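A.B. asks: predicted model and sequence follow; I will ask about them next.
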Amino acid sequence: MTVDCPASVWTFKEHAYCVYSAIWNPRHATVFASASGDCTALVWDVREPGSTMIIPTHEFEILSSTTTVSSPPPPSTSRSR
């Protein structure tokens, strides 16, 4: 690999069509999701040999992926008696 001829560091092959979007999980540094024209979203962990979850969607291509992170509820300040 050189600057003139870049190469992939890792290749994840499981989608049946092109990948339009991929996004890293903001809480788990080894996890990301990919959205594809094969009508699936896949969840990956780079420590695993294949995807860890396949999410079938609708009958049309998935053009984008996003991450929704919910925060845990704040600790309760009231005490039961």
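C.D. replies: Yes, it's here. Note that the coordinates shown come from a computational prediction; the quantities given were computed from them, not determined experimentally. Numbering: from 1, shown residues only.
A.B. asks: phi and psi next, for the most centrally placed residue in the chain.
C.D. replies: By Cα atoms, centre = their mean, the chain has its centre lying nearest to A33, at 1.1 Å. For A33, the backbone dihedrals are phi -120, psi 150 (criterion: degrees, to the nearest 10).
A.B. asks: and L42, how many neighbours?
C.D. replies: By the measure other Cβ atoms under 10 Å, the count of residues near L42 is 22. Bear in mind the C-beta positions are built from the backbone N, C-alpha and C, glycine included.
A.B. asks: the one 10 residues further on now?
C.D. replies: For T52, the tally of surrounding residues (other Cβ under 10 Å) stands at 11.
A.B. asks: tell me who's in contact with it.
C.D. replies: Neighbour list for T52: 31, 43-45 [criterion: Cβ atoms under 8 Å, 6 or more residues apart in numbering].
A.B. asks: widest-spaced pair of these?
C.D. replies: Within the contacts of T52, V43 and D45 form the most distant pair, 7.6 Å apart (Cβ to Cβ).
A.B. asks: ranking by neighbours, what's the top pick from the contacts of T52?
C.D. replies: Going by other Cβ under 10 Å, W44 tops the contacts of T52 with 21 neighbours.
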